[in-house]
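Peer 1: Sequence and predicted model, in that order:
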Amino acid sequence: MNKPVKEYHAPVWNEPIIMEMGYPGRRGVLIPQAEEGVRAAVGSGADLVPAAVRRKARPALPEMSEPEVLYHYLRLSQQTLGMMNISLFGTCTMKYNAQVNEAVAWRPEVTHVHPLQDEDTLQGALEIVWGMDAILRELSGMDQFVFQAGGGADAAYTSAAVTRAYHAARGELEQRNEIITTIQTHPSSAATAAAAGFKVITLMIDEETGYPSLASLKAAVSQRTAALMVNNPDDMGVYNPEIREWTRIVREAGGLSFYDHANFNGVMTRLRARELGFDACMFMLHKTFGAPKSGVGGPAVGAYGCSAELAPFMPRPVVVRDGERYRLDHDRPLSIGKIREFWGNVPVIIKAYAWARAMGADGMAEAADISVLANNYMEKGLLAIRGVTRSHPGHTTPRLEMTRYSLQQMKEETGVDAHDVQNRMSDFGIDPMWSSHHPWLIPEPFTPEAGEMYGKEALDTWIAVLAQISDEAYSNPELVKTAPHNGAIHRLKGHLDDPSQWAMTWRAWKRKRQAR
């Protein structure tokens with residue numbers, strides 16, 4: 001097992017905020033003046049701005065050259081808490097984003113087009129979107145995909161809205177007002193079902209199996225059931241082997257089944273949603289398919305796919321192929337309409353398409369196998385660490401791509417909790433561990449996800465760091481509870497919900513400075 005690097009220390013720069021920098025007259029980019037003929041034809045650009053929205057004074061922006069701006073943000077990036085090394089960001093499938101894919105997405109053929117152009121000038125972009133649709137159909141067994149949704153929650157809401165439209169078209173919406181989910185399913189399923197006007201029934205976990213029992217599902221299903229919304233495997237790596245029976249029970253009651261494929265990475269090419277009885281599913285292109293996740297609210301696509309029976313209700317427009325030509329199909333009278341502008345985040349679709357084509361079916365299968373192998377390899381090392389336990393110890397079968405662990409024992413014996421351990425991990429130059437999604441089923445949780453990109457040596461280092469922190473927690477708990485020590489920023493004093501402690505805008509910052 002690798003030893004953790006003790007010599008790590010983050011760079012520390014005495015860096016002012018950007019609004020405190022700059023010199024009058026500095027410029028990073030000089031915008032050329034409009035040509036004489038253009039000015040004669042359209043007049044002054046300022047005249048095109050309505051008087052009501054014109055600025056009364058120039059914006060108070062720092063005047064800086066391009067190198068000055070670049071160096072400033074590079075120095076800030078060097079002061080991050082460990083993101084320059086191993087990042088096992090559980091449940092989020094943080095893949096390496098190949099530079100060639102980034103280069104393709106930044107080509108002018110992508111960045112210079114506009115979705116309102118004539119379709120004859122968009123054939124290349126439409127072909128790639130249609131091609132990604134075809135790949136996801138093959139992976140899922142669904143009949144059509146749309147890419148408007150901006151992420152997993154958007155795709156879950158799309159499914160809830162399609163479910164509503166489907167039952168309304170059949171005259172059953174008033175009767176079918178309940179959606180069934182489970183406590184370990186992503187919270188967005190329950191939240192979006194409620195936002196779409198449904199009552200939500202949440203099934204609890206059987207501690208022995210790690211998933212709800214068939215008996216609890218049968219008790220919940222009725223003529224009021226509109227749909228089942230689940231992810232499988234869940235964020236603890238538990239796969240429900242009875243899932244075909246689940247979808248059969250829901251289908252016989254007249255409901256639909258939606259498969260949240262957020263955790264698809266460990267089962268790629270090993271199962272197809274349609275063959276498991278699902279009517280719809282979603283994939284996260286910004287996770288499973290190698291496009292950058294970029295944090296909460298970053299560029300993302302939740303690809304929503306469904307059966308031919310549900311396809312008429314999908315958001316419009318949908319990219320279709322007519323012979324050798326591609327077009328946007330707006331003529332869909334049963335469509336739920338738009339859930340986001342235009343046809344989705346095309347650069348993300350292009351990156352995912354490039355990744356999928358490069359991997360191929362064999363590559364995806366190998367990646368899934370490596371992910372599951374890496375997760376179970378890590379389990380052996382993690383469970384040997386003092387104070388670490390695994391969720392649902394009664395469920396003894398191997399987990400898939402991730403496992404949720406608990407530091408509750410460590411907290412009870414030392415007072416060191418999961419957040420203390422997270423802070424201390426950054427002192428070793430690695431990204432602090434991911435805890436978990438709500439709801440908090442497991443006390444003091446952490447959920448590493450090795451995926452397929454890290455080698456054995458990196459995983460050994462990650463395990464070794466946690467093992468050393470455990471030793472510190474039992475021998476010198478204050479060292480861990482006061483971490484981080486090697487970063488540019490140490491533990492904050494006070495709470496982030498105290499407005500006197502933070503400022504999110506330049507105006508708020510100035511008010512804060514004046515108050516002092």
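Peer 2: Now that the structure is in, tell me what you want to look at.
Peer 1: Flag the shaky bits of the stretch 201-350 of the chain, pLDDT-wise.
Peer 2: Residue ranges of the stretch 201-350 of the chain with pLDDT under 70: 294-298.
Peer 1: ok, the longest strand along the chain: who's next to it in the sheet?
Peer 2: When the chain is scanned for its longest strand (criterion: DSSP state E), the result is strand 225-231. As defined by DSSP bridges, the strand partners of strand 225-231 come to strand 178-182 (parallel), strand 256-260 (parallel).
Peer 1: List of residues touching the helix or strand following that strand?
Peer 2: Toward the C-terminus, strand 225-231 is succeeded by helix 243-252 as the next helix or strand (DSSP states H and E). Contact partners of helix 243-252, identified using CB atoms under 8 Å, 6 or more residues apart in numbering, comprise 180, 214, 217-218, 221, 225, 227-228, 230, 232, 240, 256-257, 276-278. Where C-beta positions appear, they are placed from N, C-alpha and C, glycine not excepted.
Peer 1: Out of the strands paired with strand 225-231, which is closest to residue 464?
Peer 2: Among these, strand 256-260 comes nearest to residue 464, with 34.0 Å by CB to CB.
Peer 1: what about the strands in the stretch 351-500 of the chain?
Peer 2: Along the stretch 351-500 of the chain, the segments classed as strands by DSSP state E, counting those that start in this stretch run 389-390, 405-406, 445-446.
Peer 1: What pairs with the last one, parallel or antiparallel?
Peer 2: If I follow you right, that is strand 445-446. Partners of strand 445-446 in its sheet, by DSSP bridges: strand 405-406 (antiparallel).
Peer 1: Need the mean per-residue confidence for the strand it pairs with.
Peer 2: The pLDDT scores in strand 405-406 average 96.
Peer 1: what distance separates it from the centre of its chain?
Peer 2: Between the centre of strand 405-406 and the centre of its host chain there is 22 Å, according to CA atoms, centre = their mean, to the nearest Å.
Peer 1: cool, stretch 133-152 as well?
Peer 2: The chain centroid and the centroid of stretch 133-152 are separated by 16 Å under CA atoms, centre = their mean.
Peer 1: average pLDDT for it?
Peer 2: pLDDT averaged over stretch 133-152 gives 96.
Peer 1: Likewise for stretch 4-12?
Peer 2: Mean predicted lDDT for stretch 4-12 stands at 76.
Peer 1: tell me how far the ends of that stretch are from each other?
Peer 2: End-to-end distance for stretch 4-12: 21 Å, by CA to CA, to the nearest Å.
Peer 1: In that stretch, which residues are buried?
Peer 2: 4, 8, 10 (16 or more other CB atoms under 10 Å).
Peer 1: what does stretch 236-248 give?
Peer 2: Here stretch 236-248 shows 236, 237, 238, 239, 240, 242, 243, 246, 247 as buried, counting by 16+ other CB under 10 Å.
Peer 1: out of these, which one sits closest to residue 498?
Peer 2: residue 236 (34.3 Å).
Peer 1: Hmm, the closest one is touching residue 400, no?
Peer 2: No: here residue 236 lies out of contact with residue 400, judged by CB atoms under 8 Å, at a distance of 9.4 Å.
Peer 1: thinking again about what came up before, kindly reformat the buried residues of stretch 236-248 as a markdown table containing distance to residue 460.
Peer 2: Putting those into a markdown table (distance: CB to CB, whole Å) gives the following:
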| residue | distance to residue 460 |
| --- | --- |
| 236 | 23 |
| 237 | 20 |
| 238 | 25 |
| 239 | 26 |
| 240 | 32 |
| 242 | 36 |
| 243 | 34 |
| 246 | 38 |
| 247 | 40 |
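Peer 1: Can you tell me which of these is closest to residue 458?
Peer 2: Distance to residue 458, by CB to CB, is smallest for residue 237 among the buried residues of stretch 236-248, at 19.5 Å.
Peer 1: ok, the closest residue to that closest one other than its chain neighbours - how many residues close by?
Peer 2: Leaving aside its chain neighbours, residue 237 sits nearest to residue 399 (3.0 Å; criterion: CB to CB, 6 or more residues apart in numbering). Neighbour count for residue 399, taken as other CB atoms under 10 Å: 23.
Peer 1: From residue 450, how far out is residue 399?
Peer 2: According to CB to CB, to the nearest Å, residue 399 stands 12 Å off from residue 450.
Peer 1: picking that back up, of the strands of the stretch 351-500 of the chain, which is nearest residue 480?
Peer 2: strand 445-446 (14.1 Å).
Peer 1: What are the contacting residues of that closest one?
Peer 2: Residues from elsewhere that reach strand 445-446, judged by CB under 8 Å, 6+ apart: 90, 391, 404-407, 418, 421-422, 433-436.
Peer 1: residues shared between the contacts of residue 399 and residue 450?
Peer 2: Residues touching both residue 399 and residue 450 (CB under 8 Å, 6+ apart) are residue 375.
Peer 1: can you give me the offset of the longest helix seen in the chain from its chain's centre?
Peer 2: Counting by DSSP state H, the longest helix found in the chain is helix 346-382. Remark: helix 346-382 is offset 15 Å from the chain centroid, using CA atoms, centre = their mean.
Peer 1: now do stretch 162-178
Peer 2: Its chain's average C-alpha position is 29 Å from that of stretch 162-178, according to CA atoms, centre = their mean.
Peer 1: same deal with stretch 181-196?
Peer 2: 16 Å.
Peer 1: what's the answer for stretch 153-170, then?
Peer 2: 21 Å.
Peer 1: in the stretch 351-500 of the chain, which segments are predicted with low confidence?
Peer 2: For the stretch 351-500 of the chain (pLDDT under 70), the answer is 494-496, 499.
Peer 1: Helices of that one, residue ranges please.
Peer 2: Along the stretch 351-500 of the chain, the segments classed as helices by DSSP state H, counting those that start in this stretch run 408-414, 418-425, 456-475, 477-481.
Peer 1: Nearest to residue 166, out of the ones you listed?
Peer 2: Residue 166 lies closest, by CB to CB, to one member of these: helix 418-425, at 41.9 Å.
Peer 1: any chance of the buried residues of stretch 4-12 in CSV, plus secondary structure and distance to residue 301?
Peer 2: Below are these laid out as CSV (DSSP: H, G, I helix; E, B strand; the rest coil; distance: CB to CB, whole Å):
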residue, secondary structure, distance to residue 301
4, coil, 37
8, coil, 35
10, coil, 33
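Peer 1: Make TSV from those and add distance to residue 46 to it.
Peer 2: Output for those, formatted as TSV (distance: CB to CB, whole Å):
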residue	distance to residue 46
4	59
8	53
10	46
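Peer 1: Take the strands of the stretch 351-500 of the chain and lay them out in JSON lines including distance to residue 272.
Peer 2: Listed next are these as JSON lines, based on distance: least, CB to CB, whole Å:
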{"stretch": "strand 389-390", "distance to residue 272": "30"}
{"stretch": "strand 405-406", "distance to residue 272": "31"}
{"stretch": "strand 445-446", "distance to residue 272": "31"}
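Peer 1: which one of those strands lies closest to residue 302?
Peer 2: Ranking these by proximity to residue 302 (CB to CB) places strand 445-446 first, at 24.6 Å.
Peer 1: now the closest one, how far from the chain's geometric center?
Peer 2: Here the centre of strand 445-446 is set off from its chain's centre by 18 Å, with CA atoms, centre = their mean.
Peer 1: list the contacts for the residue nearest to residue 237?
Peer 2: 233, 236, 237, 238, 375, 376, 379.
Peer 1: related to what we said a few turns ago, pull out the buried residues from the contacts of helix 243-252.
Peer 2: 180, 217, 221, 225, 227-228, 230, 232, 240, 256-257, 276-278.
Peer 1: how about those residues in JSON lines, adding distance to residue 503?
Peer 2: Formatted as JSON lines, these follow (distance: CB to CB, whole Å):
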{"residue": "180", "distance to residue 503": "44"}
{"residue": "217", "distance to residue 503": "49"}
{"residue": "221", "distance to residue 503": "51"}
{"residue": "225", "distance to residue 503": "49"}
{"residue": "227", "distance to residue 503": "44"}
{"residue": "228", "distance to residue 503": "45"}
{"residue": "230", "distance to residue 503": "42"}
{"residue": "232", "distance to residue 503": "43"}
{"residue": "240", "distance to residue 503": "47"}
{"residue": "256", "distance to residue 503": "47"}
{"residue": "257", "distance to residue 503": "47"}
{"residue": "276", "distance to residue 503": "50"}
{"residue": "277", "distance to residue 503": "52"}
{"residue": "278", "distance to residue 503": "47"}
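Peer 1: Nice, that's everything, thank you.
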